[in-house]
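Trainee: here is a sequence with its predicted model. Questions after.
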Amino acid sequence: SQQGEEDPQALSIQEGENATMNCSYKTSINNLQWYRQNSGRGLVHLILIRSNEREKHSGRLRVTLDTSKKSSSLLITASRAADTASYFCATDFNQAGTALIFGKGTTLSVSS
Amino acid sequence: SAVISQKPSRDICQRGTSLTIQCQVDSQVTMMFWYRQQPGQSLTLIATANQGSEATYESGFVIDKFPISRPNLTFSTLTVSNMSPEDSSIYLCSAREGGDGELFFGEGSRLTVL
């Protein structure tokens, strides 16, 4: 069963604007990861945040994690048309290297 | 980082037939997984491919329908057996190098069952 629930399901913005996507999960985690999927392609890893971290940055990406609320957010700043894709959060329950459980995803459309 | 190649990338299949998807990783990896992504949906884990032993299936997936092999640390196959139109999906192979880091994904195999 899916662990994460993203919102919004779909987001349309203009180039240059910021995009925020949220993810909620149900059980305790070891880490939470965000992935991007361009249409018809495989998934690409964006960023990993561990349960003892609250915020992480990578380029134009900023991820926060609130374990008390079991939620995370992904912020993409200064969006570009090339950011148009589906974004998924994925939760990792333990350190044993088991499979990730993916949320339903947010479809982001950035228009120029 | 691991690079994963899957084939076929896409296929159109007839109802009742079976198709085997191959997944090749360019380096030895600890764990390999198979996911299904139905049209417009998220990823659902089918099974963990265990090297040299039977795969570990998730609830709702059975070995008779989705037999999986993993003969070594770089290769796995997934067979979709006795296909029906409901099996039309993208099947994604993924791998983990070890520990609790990121998953690497192949480009997926898009199956259409008529």
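Mentor: Received it, and whenever you're ready, just let me know what you need. Numbering: from 1, shown residues only, chains lettered A, B, ... in the order given.
Trainee: and the residue nearest to A:G42 when sequence neighbours are not counted, how many residues sit next to it?
Mentor: Using CB to CB, 6 or more residues apart in numbering or on different chains and skipping residues adjacent in sequence, the residue nearest A:G42 is B:F105, 3.9 Å away. Every residue, glycine included, has its C-beta placed from N, CA and C. Per other CB atoms under 10 Å in any protein chain shown, the neighbour tally for B:F105 reads 23.
Trainee: how far away is B:S69 from B:A47?
Mentor: 11 Å (CB to CB, to the nearest Å).
Trainee: who has more neighbours out of these two?
Mentor: More neighbours surround B:A47 than the other of B:S69 and B:A47, with 23 against 16 (other CB under 10 Å).
Trainee: give the pairing partners of whichever helix or strand that one is part of; include direction for each.
Mentor: Element membership for B:A47, per DSSP states H and E: strand B:43-49. Strand B:43-49 has its sheet partners listed here by DSSP bridges as strand B:31-37 (antiparallel), strand B:56-57 (antiparallel).
Trainee: quick check, the residue nearest to A:G42 in contact with B:Y91.
Mentor: No: B:F105 is beyond contact range of B:Y91, at 11.2 Å (criterion: CB atoms under 8 Å).
Trainee: check the gap between the nearest residue to A:R41 once chain neighbours are set aside and A:L46 for me.
Mentor: Nearest residue to A:R41, sequence neighbours excluded (CB to CB, 6+ apart): B:E107, at 5.9 Å. Going from B:E107 to A:L46 by CB to CB gives 17 Å.
Trainee: count of residues packed around the closest residue to A:K70 other than its chain neighbours?
Mentor: Nearest non-adjacent residue to A:K70, counting by CB to CB, 6+ apart: A:Y25, 5.1 Å away. Neighbourhood size, A:Y25 [other CB under 10 Å]: 22.
Trainee: contacts only, for A:Y25.
Mentor: Contacts here follow CB atoms under 8 Å, 6 or more residues apart in numbering or on different chains; on that basis A:Y25 touches A:Q3, A:G4, A:E5, A:L32, A:K70, A:S71, A:S72, A:C89, A:T91, A:G103.
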